[in-house]
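*Asks:* fold the following.
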Amino acid sequence: MPLQAQKYQLKRLISEVILPEKPVEIEHTWSGIMGLTKTKEPIIKQVEEDLYLLAGHGGMGVALAPYMAKELVGII
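*Replies:* Here you go, the predicted model:
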């Protein structure tokens, strides 16, 4: 879905369902790539001698990052 369509749908949802009695203006938007894996498990592995990969958190990177960082330290 194009960004403008997403913004429209979000504003409609807020205006009609979440805050139907209040005027709504979206002040800022953000978009980005979501790292997903087929297994829905994050990837954590050594790629090269001094390079490690920690990715594929499926939109839960902020919540999972501290735990996964500890896992990575254990691998290193």
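
*Asks:* can we go C-alpha only for contacts and neighbour counts from here?
*Replies:* Will do.

*Asks:* contact partners for the spatially most distant residue from the centre of the chain?
*Replies:* With CA atoms, centre = their mean as the measure, the chain has its most outlying C-alpha, relative to the mean C-alpha position, at Glu21: 30.0 Å. Shown in contact with Glu21 (CA atoms under 8 Å, 6 or more residues apart in numbering): Ser15.

*Asks:* distance check, it against Ile14.
*Replies:* Distance check for Glu21 against Ile14: by CA to CA, to the nearest Å, it reads 10 Å.

*Asks:* what packs against the helix or strand where Tyr67 lies?
*Replies:* Here Tyr67 sits within helix 61-75, counting by DSSP states H and E. The contact analysis (3 or more CA pairs under 8 Å, 6 or more residues apart in numbering; DSSP states H and E) places helix 61-75 against strand 43-48.

*Asks:* now the residue nearest the centre of the chain: phi and psi?
*Replies:* In the chain, the residue lying closest to the centroid (CA atoms, centre = their mean) is Gly59, at 3.0 Å. Dihedral angles of Gly59 (phi, psi; degrees, to the nearest 10) stand at phi 90, psi 0.

*Asks:* leaving out the residues flanking it, which one is nearest to it?
*Replies:* Met34 (5.9 Å; CA to CA, 6 or more residues apart in numbering).

*Asks:* ok so the one you found is a helix residue?
*Replies:* No: read with DSSP: H, G, I helix; E, B strand; the rest coil, Met34 is coil and lies in no helix.

*Asks:* quick one: distance of the helix holding Tyr67 to the chain centre.
*Replies:* Mean-position distance between helix 61-75 and its chain equals 16 Å (CA atoms, centre = their mean, to the nearest Å).
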